[in-house]
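Colleague: just need the structure, nothing else, for what follows:
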Amino acid sequence: MSIETKDCPALVLNADFRPLSYFPLSLWSWHDAVKAVVTDRVNVVSSYDRYVRSPSFALLAPSVISLKEFIVPNRRPAFTRFNVFLRDRFACQYCGDALPSHELTFDHVVPRSRGGRIVRDVMQELGSWQEFESLATVFKPTMPELANDLKLGTLDAAILWDATVAQHEELAAIVLPEFAEHSFLEAVGVLKNTEQPALALQFARYMQAQDRGALTITRNGFRAVGGDRWQAVPKLTLFAGAMLNRAVDQAIHEFSAREGVQITRVYNGCGILVGQMRAGAQPDAYFSCDQSFLDQVADRFQSGVTVSQNPIMLITAKANPHQIHRLDDLLKPGLRVGLAHPEKSALGFLTRRLLQQLNLEQRLIDSGNIKQETPQGDLLVSAMATGALDAIVVYKSNAMGQSQRLRMLPIDSDLALARQPFAVALDSKYPHTMQRLFDALTSAATQQRFEELGFVWLK
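Modeller: Below is the predicted model:
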């Protein structure tokens, strides 16, 4: 019986009896299948009822064959036209309609040569998209191809990016008011799982740098959006209130390693930090313990973004042997009270304001009960934990680490709350890098750390 070439394809299985491929299905012609059988490279699993004959030989045409040697399959599918269509279920990714494969392309449904999505959206807002679309007669996948057609005279007009026009002296641009407020942002993306994040981000910084990549971008007709000054390893300085140390330090360390930058962290009482800035210190960003201490140097920074709140608490020993429940209980004779310094820290400033509101500041001073004033709440907590003090007023985050030994008593006042803003310096050479640091400091992981320490998350 004669067999047509197109007849009797053989399904090819690997040595584990799985098809070599599924899409498309691994099929061999009967010629290749018979050749593989004769050369003993495959086993015949099933056959057709048709014979393949020669003058001295007859063989049933194989319908299913399996390889004798296992072939390790490619775990990453090939980038082919068919596989892309298969991934998208043979459906247009713009309108969602399923179409025959011969009607599908890799191009946009509304090609960039016809304005792309921006043109479509603008014209739809104006109510003239359908008429505009019907007038387009040329379909090209890229803007440069369309520009070349204009230069050759095969087109009279086209909608192009201004950067494309700027790269061709023969072309003249007419700015349409309909598109004046619309633009397309080009960006460099870095994968989260890259094996060399510092080098990848260094390249991204170079492309954006105002004295490096931005110059080339501008020369080629693009409008640079601004960038940091170029330095292979930027050296940054962050001033932060001492209360924020445990909340942000790990995130800053991880950011520095990934970005390939050096960040000097200066943690201290915000009164001291403000004094250093007034004396000439120039940090790239300031994470303040409270808005009031950013306000004192507001002329040096961009508008701050409030990230969190930290309640001010009255702290006693766990058993509370002196029966301290309110701030006026601090006037009890013989108590040893610790407060933050009102001029060296935001905590001290806010505590003073709170005591003044309750008419307690001078009375507490006159009682002689104030035994310690420190620039940082953590120092008061340490003194409290060793028994050197009977009561202190600190942030909740200061005392959370000693919650098994200390009692935290809320203070019923709107003033018993500090708000932590983050602001980038106006004269920083690295505002974009500091903005990425801000993004890292407001991530979900950092939020969890803030909340574990007693902060109230606001970002």
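
Colleague: domain map for this structure?
Modeller: As assigned by automatic domain parsing, the chain contains the domains 10-67, 112-179, 308-418.

Colleague: pick the most deeply packed of these.
Modeller: domain 308-418 (a mean of 18; mean count of other C-beta atoms under 10 Å). In short, each C-beta sits where N, CA and C put it, glycine included.

Colleague: so what pLDDT did Leu350 get?
Modeller: At Leu350, the pLDDT value in this model is 93.

Colleague: quick one: secondary structure of it?
Modeller: Secondary structure, DSSP: H, G, I helix; E, B strand; the rest coil: Leu350 is helix.

Colleague: now do the contacts for it.
Modeller: Taking C-beta atoms under 8 Å, 6 or more residues apart in numbering, we find Leu350 in contact with Asp290, Ser292, Ile312, Leu415, Ala416, Ala418.

Colleague: go again using 10 Å as the cut-off
Modeller: Contact analysis of Leu350 by C-beta atoms under 10 Å, 6 or more residues apart in numbering lists 289-290, 292-293, 310, 312, 340, 342, 393, 395, 415-418.

Colleague: equivalent analysis for Ala440, please.
Modeller: Val248, Ala251, Ile252, Glu254, Phe255, Ser256, Arg258, Glu259, Thr446.

Colleague: now it: how far from Leu201?
Modeller: Ala440 sits 12 Å away from Leu201, going by C-beta to C-beta, to the nearest Å.

Colleague: which among the contacts of Ala440 end up buried?
Modeller: Buried by 16 or more other C-beta atoms under 10 Å: Val248, Ala251, Ile252, Phe255, Ser256, Arg258, Glu259, Thr446, out of those.

Colleague: I'd say the second one and Thr446 touch.
Modeller: In other words, Ala251. Yes: contact criterion C-beta atoms under 10 Å: Ala251 and Thr446 qualify, at 4.7 Å.

Colleague: what's the neighbour count on Ala242?
Modeller: Ala242: 25 surrounding residues under other C-beta atoms under 10 Å.

Colleague: ok so, going back, and the contacts of Ala440, which is closest to Gln362?
Modeller: Set against Gln362, the nearest of the contacts of Ala440 by C-beta to C-beta is Val248 (36.4 Å).

Colleague: where does that closest one fall, secondary structure wise?
Modeller: Take DSSP states H and E as the rule and Val248 turns out to sit in helix 245-259.

Colleague: how far does the helix or strand following that helix sit from the chain's center?
Modeller: Sequence order places strand 262-268 as the next helix or strand after helix 245-259, per DSSP H and E. Offset of strand 262-268 from its chain centre (C-alpha atoms, centre = their mean, to the nearest Å): 23 Å.

Colleague: which helices and strands sit right next to the helix or strand just after strand 262-268?
Modeller: Using DSSP H and E, the helix or strand that follows strand 262-268 in sequence is helix 270-278. Judged by 3 or more C-beta pairs under 10 Å, 6 or more residues apart in numbering; DSSP states H and E, helix 270-278 is in contact with strand 235-241, strand 262-268, strand 285-287, helix 291-295, helix 346-357.

Colleague: got the ones you listed as a markdown table, with distance to Ala180 columns?
Modeller: Below are the helices and strands packed on helix 270-278 laid out as a markdown table (distance: least, C-beta to C-beta, whole Å):
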| stretch | distance to Ala180 |
| --- | --- |
| strand 235-241 | 37 |
| strand 262-268 | 40 |
| strand 285-287 | 35 |
| helix 291-295 | 37 |
| helix 346-357 | 46 |
